[in-house]
Structure formats: C-alpha cells, structure tokens
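**Q** need a structure here:
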Amino acid sequence: MAGTASLDRWKKYGTPRDFAEGDFVFLENEQGEEIYIIKKGEIAILKDTGDGHQVLLGTRGKGHLIGEISLLRDGKRTATAQAVEKTILLVIPRNEFWRLLETEHAFQEAVIQTLIEH
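**A** Alright, predicted model coming up:
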C-alpha cells in the first residue's frame, strides 16, 4: 500500500483517471498494460467462476495497487476490477512500472506488500 507522500512522488509516472460507480477498470483475461494506484474511492476485485457468475475476492481502497500480477507475469489479468464508488486511479503504463521497480525502493515495497496481502 502506498502512503500519501509516495503517491505524490509517483504521480509523475502516471495519469489520473476517474471511474464512476460500476465502471470496469479492467476485465479478467484481458492483456495487462498498466498498473493502478487508488488515489480515492474503492475497487472490487472479482473472479469469474466459470459458470457465468463472479465471486468477490475483496475490495481495495486508497493507496492500494491493483493490476500488478499481469505486469509481473507479462500476461493476462487474473481478475476483474470494478469501481464500487466514484474512484480516482493513478494509471501507470508498463514501461513506467518497470522504471519505478528499478529506481524506487518504496514502490518495490508497495508491490511486494500487495503480493503478500492478496
């Protein structure tokens, strides 16, 4: 999870994007090209059950990272992310994600913490 100071420092690597309640940030099985840091709001993480339904894996709030797994694996999204309420995300493209991992110790810690927690 990222603190306010880290969010301020990392904002130069991404672009803020607004999502309305119910908007999908990304869908399970689509190619991951960005990581997201939640600046404001809440995101539901959903997993397809294979029979046309979804199960709620959990929610993420301010400071949490989402979408990291597909960038680390260079693959597809492992779940769907949907805005629970009006949400603002910092959208960081793949190339900037790797630059942050190489240069920002606090970002490395945030990614590791996200992987451990979820």
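**Q** List the buried residues of the longest helix seen in the chain.
**A** Ranked by residue count and defined by DSSP state H, the top helix of the chain is helix 105-117. For helix 105-117, the neighbour count (16 or more other CB atoms under 10 Å) marks 107, 110, 111, 114 as buried. Every residue, glycine included, has its C-beta placed from N, CA and C.
**Q** and of those residues, the nearest to residue 14?
**A** Within the buried residues of helix 105-117, distances to residue 14 taken as CB to CB reach their minimum at residue 107, with 11.5 Å.
**Q** what's the spacing between that closest one and residue 48?
**A** Separation of residue 107 from residue 48 (CB to CB, to the nearest Å) stands at 30 Å.
**Q** which other residues reach stretch 19-27?
**A** With CB atoms under 8 Å, 6 or more residues apart in numbering as the test, stretch 19-27 has contacts from 32, 36, 41, 43, 66-67, 77, 80-89.
**Q** Pull out the buried members of these.
**A** 32, 36, 41, 43, 66-67, 77, 80-83, 87, 89.
**Q** From the structure, what's the count of residues near residue 33?
**A** 15 (other CB atoms under 10 Å).
**Q** and it, what pLDDT?
**A** In the predicted model, residue 33 carries a pLDDT score of 92.
**Q** hang on, it packs against residue 93?
**A** Yes: the criterion here is CB atoms under 8 Å, and residue 33 meets it with residue 93 at 6.6 Å.
**Q** Okay, buried residues for the host helix or strand of residue 46 please.
**A** Using DSSP states H and E, residue 46 sits in strand 43-48. Residues 43, 44, 45, 46 are the ones in strand 43-48 that count as buried (16+ other CB under 10 Å).
**Q** Could you list the low-pLDDT ranges of this structure?
**A** Residues of the chain that meet the criterion pLDDT under 70 lie in 1-8, 118.
**Q** for the most far-flung residue of it relative to its centre, helix, strand, or coil?
**A** Most distant residue from the mean C-alpha position of the chain: residue 51, 25.6 Å away (CA atoms, centre = their mean). Using DSSP: H, G, I helix; E, B strand; the rest coil, the three-state assignment for residue 51 comes out as coil.
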